[in-house]
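> Curious how this folds, go ahead:
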Amino acid sequence: MNILFRNSRRKLSQGVLFWREVGSGIPTVFLHGAWNDGSEWVSIMEIMAQNNHCFAPDLLGFGESAHPNVHYSIDLQVECLSHFLEALKLEKVYLVGNSLGAWIAASYALKYPEQIYGLILLAPEGVTAEGQEEYWQKRRRLFNVSPLIIKFLRFIRPLIKLIGWEEKIAADLDLRKTLLQYSTACQLLFNRKQPEIEAELLEKNLPEIKVPCLILQGGEDDAIAISRSNTYARLIPNIQLKMIAHGESNLPESCAGVVAEAIGDFINQ
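Next up, the predicted model:
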């Protein structure tokens, strides 16, 4: 069966937001992860379109949405999402978020609980975990390193190869390329002042989430991601935690069928 997606844009006070839309039925909004855009949900939306009216916006500063020169924060993304739902006259929805999108979804449920039927959070960001600071420190250094240093490393590539560092340097340069491509994600996750990031973390607020919540976490994901999911599961009162044993770090694309089934079961329970 061919499923026809509708691509739309709407000017909001924060900027133009682009989204993909398909299906009919229960309104379900999908928020993408840090290193992607709304297209990561396409396979899941195709599966769910028969019973769900699915919306997958590119978050402000990502994909085909506007990239305004503003100071990005989780609260800014929450307010942009609020204006988006208001513009589409979606009074109450299921929110599905992956990674960074899950942090925004949980923050939205805390601020606007009356607008949420339930939350589905995949490997959510937004809480602390052991080893996380070192993880972000490396990415902060790579993101902010001078282009002159990058040019110098390329210039001395024969020496790097000689001393056996070629693979490590190449991997770091590839990671830097991804970070530069998603500069908004970098600002939200690690490239702001630490007190500002900490003020938007959710440990203290998660017990206040009253809507039903499902956490999906890949069993083959890294220890930091698994630790964050366990923190969410421990602190949110009305919650289910489902481990997808073979799942790694990108559940919407690598485990679309399993994720769609879990979301459908949660919505229809």
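
> rest of the way, CA atoms for contacts and neighbours
Fine.

> Please name the residues that touch the closest residue to residue 184 other than its chain neighbours.
Spatial nearest neighbour of residue 184, excluding adjacent residues (C-alpha to C-alpha, 6 or more residues apart in numbering): residue 61 at 5.8 Å. Residues counted as contacts of residue 61 (C-alpha atoms under 8 Å, 6 or more residues apart in numbering) are 67-68, 184.

> Filter these down to the buried ones.
Among the contacts of residue 61, those classed as buried by 16 or more other C-alpha atoms under 10 Å are 67, 184.

> what's the closest of the contacts of residue 61 to residue 147?
Among the contacts of residue 61, residue 184 lies closest to residue 147 (C-alpha to C-alpha), at 19.0 Å.

> Which strand or helix spans that closest one?
Taking DSSP states H and E as the criterion, residue 184 maps to helix 183-189.

> Flag every buried residue along the helix or strand just after that helix.
Once the chain leaves helix 183-189, the next helix or strand it forms, by DSSP H and E, is helix 194-200. Buried residues in helix 194-200, counted by 16+ other C-alpha under 10 Å: 197, 200.

> Need the CA coordinates for helix 194-200. PDB is fine.
Output of helix 194-200 as PDB, limited to C-alpha atoms (Å, rounded to 0.1, in the frame of the first residue of the first chain):
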ATOM      1  CA  GLN A 194      26.700  24.600  32.300                       C
ATOM      2  CA  PRO A 195      24.300  26.300  34.800                       C
ATOM      3  CA  GLU A 196      21.800  27.000  32.000                       C
ATOM      4  CA  ILE A 197      21.900  23.300  30.900                       C
ATOM      5  CA  GLU A 198      21.600  22.100  34.500                       C
ATOM      6  CA  ALA A 199      18.600  24.300  35.000                       C
ATOM      7  CA  GLU A 200      16.700  22.500  32.300                       C
END
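
> what's it packed up against?
With contacts taken as 3 or more C-alpha pairs under 8 Å, 6 or more residues apart in numbering; DSSP states H and E, helix 194-200 sits against no other helix or strand.

> chain center to that helix, what's the gap?
With C-alpha atoms, centre = their mean, to the nearest Å as the basis, helix 194-200 stands 18 Å off its chain's centre.

> quick check, the residue nearest to residue 184 in a strand?
No. Looking at residue 61 with DSSP: H, G, I helix; E, B strand; the rest coil, it is coil, so not inside a strand.
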